[in-house]
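Student: sharing a model prediction with you, sequence too.
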2 protein chains.
Amino acid sequence: MTPHDDQRVPHPDREPLDPIAEARRLWIEHGWESAADGMAAVTSLMRAQQIALGRVEAVLRRYGVTFARYEVLMLLFFSRAGSLPMGRIGQRLQVHPTSVTNAVDRLEAAGLVRRSAHPADRRAILVELLGAGRELALAATKDLNAEVFEAPGIPPSGVTGLVGILTELRRDAGDF
Amino acid sequence: MTPHDDQRVPHPDREPLDPIAEARRLWIEHGWESAADGMAAVTSLMRAQQIALGRVEAVLRRYGVTFARYEVLMLLFFSRAGSLPMGRIGQRLQVHPTSVTNAVDRLEAAGLVRRSAHPADRRAILVELLGAGRELALAATKDLNAEVFEAPGIPPSGVTGLVGILTELRRDAGDF
DNA sequence: CTACGATAGTCGGACGTCCTAGTATCTGTT
DNA sequence: AACAGATACTAGGACGTCCGACTATCGTAG
């Protein structure tokens, strides 16, 4: 290790930079100032979702379900009759009908829900929460609350701010 | 339309409710107050990402690329040499190595990038941006800036607030 | 009462993500 | 100099999402 070698160490490990702040800087450098913040917002959203989903699924893995399937279970859990038509689930969860088919297939195979005929509309199919599904939903929610939702990695004021901003975005997108 | 009919219209179409606000209400109703805001934040994040990604991909579809592949192109676009090793791309984009392999496979098949040998490390593979890739990156960025990043569906103050909060979340997760 | 457009769900395919496992190569140790 | 552990990338598989196409059923307009 000669003094000469020390010369080339102005940036020790060369990685503790925020990749998104870096991208924003480059955006401005290329004359795209008016879009830089929007780019940073969209990119942050992508990465933050990835992080949050990872934490949630790490907990749910114990129960053998994914977040998508957990959401279906909770929707049924909260429904008065413990059952909902497929289409209604897709509406509430804001996902494509085929995604509901997929999730319900797996939940049914796991014995957590059951498909049954809709009494008034033979096109529709009711999804019914079974006892095992109800127990799993409750237990998984307790763990999720304790391990993720109560410690989301941002201060409480940030949490409410975040929800507020994203509510505007969702409303603007026509979600409700 | 009799006066009697008017009586049963307290909730006209029964759907203009924010699904996430509704879930938050139910969380509190079940005694999970301390987790309600975190749940709302995580769920909002999921949905907002879906919305943002949808807008971005609607623009990129014209160019035959996805957001994942576009990000790889921009990374190369900004790199000094116009080329980066696979691993470096995965680090910057915060994705699994196999996701990089996948994206580069498709970019290469489309003639936008090229794999080449790393001069100093025979394990590594350099990804090189080709002319067509550079042109596509520039054109797609112009469209994205105009159609998405400059009008993200939330006020400018919200945008900076959002980025700030998510930066904390990402730092807390060990992103940088 | 029939016919046509709308609606509910499913199927097959494309894509991105992750995980586990496996091969090749590098690097530091002994 | 040989070897053991780390690192770079790829292969195969699971999963969720969307899209387009298809079938069955509903509801309503003539």
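Tutor: Received the coordinates, thanks. What you see is a predicted model, and the numbers here were worked out from it, not measured in a lab.

Student: check whether stretch A:151-159 contacts chain B.
Tutor: Yes - Stretch A:151-159 reaches chain B (Cβ under 8 Å from any Cβ of the partner chain) through A:151, A:152, A:153, A:154, A:155, A:156, A:158, A:159. Placement of C-beta: from N, CA and C, glycine included.

Student: so what's the first one closest to, chain neighbours aside?
Tutor: Looking back up the chat, that one is residue A:151. residue B:38 (7.5 Å; Cβ to Cβ, 6 or more residues apart in numbering or on different chains).

Student: tell me which residues touch that neighbour, please.
Tutor: For residue B:38, the contact set (Cβ atoms under 8 Å, 6 or more residues apart in numbering or on different chains) comprises A:145, A:148, A:149, A:150, A:151, A:152, A:159.

Student: can you say which of the residues of stretch A:151-159 next to chain B are buried?
Tutor: Those of these that meet the buried threshold are A:152, A:153, A:154, A:158, A:159, by 16 or more other Cβ atoms under 10 Å in any protein chain shown.

Student: so which of those belong to helices?
Tutor: A:158, A:159 (DSSP state H).

Student: ok, of the buried ones among the residues of stretch A:151-159 next to chain B, which one's closest to DNA strand D?
Tutor: Closest approach between these and DNA strand D, by Cβ to the nearest atom of the strand: residue A:152, at 20.0 Å.

Student: what strand or helix carries the residue nearest to the closest one when sequence neighbours are not counted?
Tutor: Excluding the flanking residues, the one nearest residue A:152 by Cβ to Cβ, 6+ apart is residue B:38, at 4.4 Å. Taking DSSP states H and E as the criterion, residue B:38 maps to helix B:33-60.

Student: does that helix reach DNA strand C?
Tutor: No - counting by Cβ under 7 Å from any atom of the strand, DNA strand C has no neighbours in helix B:33-60; the shortest distance is 8.8 Å.

Student: okay, which residue is most central for chain A?
Tutor: Geometric centre of chain A, nearest residue: residue A:53, 4.9 Å, by Cα atoms, centre = their mean.

Student: give me the pLDDT for that one.
Tutor: Listed pLDDT for residue A:53 reads 95.

Student: the one 10 residues further on too?
Tutor: Model confidence at residue A:63, given as pLDDT, is 96.

Student: that one: neighbouring residues, count only.
Tutor: 18 (other Cβ atoms under 10 Å in any protein chain shown).

Student: how about the residues of chain A near DNA strand D?
Tutor: Close to DNA strand D, as judged by Cβ under 7 Å from any atom of the strand, chain A has residues A:66, A:68-69, A:94-96, A:98-99, A:102-103, A:106, A:120-123.

Student: show me which of the residues you listed neighbour chain B.
Tutor: Okay, of the residues of chain A next to DNA strand D touching chain B (Cβ under 8 Å from any Cβ), that's residue A:94.

Student: go through the residues of chain A next to DNA strand D and name the one nearest chain B.
Tutor: Checking those against chain B with Cβ to the nearest Cβ, the nearest one is residue A:94 at 6.1 Å.
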